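Peer 1: coords please:
(one chain, ligands or ions: 1)
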Amino acid sequence: MNKAVRKAVIAGNWKMNKTPAEAKTLIEEMKPLVADAKCDVVLCVPFIDIPAAVEAAKGSNIKIGAENVHFKASGAYTGEVSADMLKEAGVEYVVIGHSERRTYFGETDQTVNLRSLAALNAGLKAIICVGETLEQRELGYTETLLKFQTKMALTNVTKEQLQNVIIAYEPVWAIGTGVTATAEQADEGNGYVRTAIAEAYGADVAETVTIQYGGSMNAGNADELVAKVNVDGGLIGGASLKAPDFAKIVAAASK
Ligand code: PGA
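Peer 2: Got it, this is the predicted structure:
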């Protein structure tokens, strides 16, 4: 394992929080706090906040991401947003297949795959989320499920495109619950994802892919989590809405 070949990425996932004006204020507050980051810093924000966020982040090391993307290029898909629209708006990253979308909005492994392909074909970086529920973990299906979700999401993704893929391992039971996976559980889950990539693309390629942990990562536990060999940063929900907390997580991943 050579963690040095991968760049850690700390990405905030604001979910359905912050108006455009609030987004501007929060990014202005974050900019000086994360300016010295040695990891990549991304904020994934609601669609309507994107123009304000891109403008506020200009000239800084903060990159802007979206929280979803549709898989068709254009057409009669009321309420949806295409990859080209995001790209033109200045978006560089997009979260795909978050467990909240899988649970509340009918997202499936197949639509996660289609969205990933649309994002990658448009030149966006895809942050693809995978993770087991508590029930699946207790039944002993964590490894099987993580490998299946990873391989399904990456169907028809080329080796070259994989360089623009980040996988976020987010145990569903740890998201927004305050229950964090232990560093060992996070490392193990991320390891299953890396093994799935190795099985599909080869071990050398798998070593280069950034795999984040997500689920109640915060200023207090980030150090221990990101120190693990398979944990290349994090996808941060709640703690990304507070500039000092987010900055501490970025600092932890910069060591
Ligand atoms: P949380 O969310 O950090 O609030 O648990 C993580 C996520 O949903 O990406």
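
Peer 1: what's the burial count for residue 172?
Peer 2: Using other CB atoms under 10 Å, residue 172 is surrounded by 21 other residues. The C-beta positions use only the backbone N, C-alpha and C, and glycine is treated the same way.

Peer 1: hang on, isn't it packed against residue 134?
Peer 2: Yes - Residue 172 lies in contact with residue 134 (CB atoms under 8 Å); the separation is 7.1 Å.

Peer 1: so residue 49: helix, strand or coil?
Peer 2: Three-state call for residue 49 (DSSP: H, G, I helix; E, B strand; the rest coil): helix.

Peer 1: which residue comes closest to it once chain neighbours are left out?
Peer 2: residue 23 (4.1 Å; CB to CB, 6 or more residues apart in numbering).

Peer 1: give me the element the one you found is part of.
Peer 2: helix 20-34 (DSSP states H and E).

Peer 1: before we move on, what about residue 251?
Peer 2: Short version, using DSSP H and E: residue 251 is in helix 243-253.

Peer 1: does that helix come close to the ligand?
Peer 2: No - judged by CB under 6 Å from any ligand atom, helix 243-253 makes no contact with the ligand; its nearest approach is 9.7 Å.

Peer 1: which strands and helices sit next to that helix?
Peer 2: Applying 3 or more CB pairs under 8 Å, 6 or more residues apart in numbering; DSSP states H and E, one finds that helix 243-253 makes contact with strand 9-13, helix 20-34, helix 222-226, strand 233-236.

Peer 1: how about CSV for the ones you listed, with distance to residue 152, mean neighbour count and mean pLDDT added?
Peer 2: Below are the helices and strands packed on helix 243-253 laid out as CSV (distance: least, CB to CB, whole Å; neighbours: other CB atoms under 10 Å; pLDDT from 0 to 100):
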stretch, distance to residue 152, mean neighbour count, mean pLDDT
strand 9-13, 21, 26, 98
helix 20-34, 33, 18, 98
helix 222-226, 26, 22, 97
strand 233-236, 19, 30, 98
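
Peer 1: and for the spatially closest residue to residue 192 that is not a sequence neighbour, the neighbour number?
Peer 2: Once flanking residues are discounted, residue 192 sits nearest to residue 146: 4.3 Å by CB to CB, 6+ apart. Other residues near residue 146 come to 25 when the count uses other CB under 10 Å.

Peer 1: who touches residue 146 in this structure?
Peer 2: 130-132, 169, 189, 192-193, 196 (CB atoms under 8 Å, 6 or more residues apart in numbering).

Peer 1: let's see which of the residues you listed end up in strands.
Peer 2: If you go by DSSP state E, the contacts of residue 146 have 130, 169 in strands.

Peer 1: got the contacts of residue 146 as CSV, with neighbour count, pLDDT and distance to residue 65 columns?
Peer 2: As requested, these are exported to CSV (neighbours: other CB atoms under 10 Å; pLDDT from 0 to 100; distance: CB to CB, whole Å):
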residue, neighbour count, pLDDT, distance to residue 65
130, 29, 98, 17
131, 28, 98, 19
132, 24, 98, 24
169, 32, 98, 18
189, 27, 98, 22
192, 21, 98, 25
193, 27, 98, 20
196, 23, 98, 23
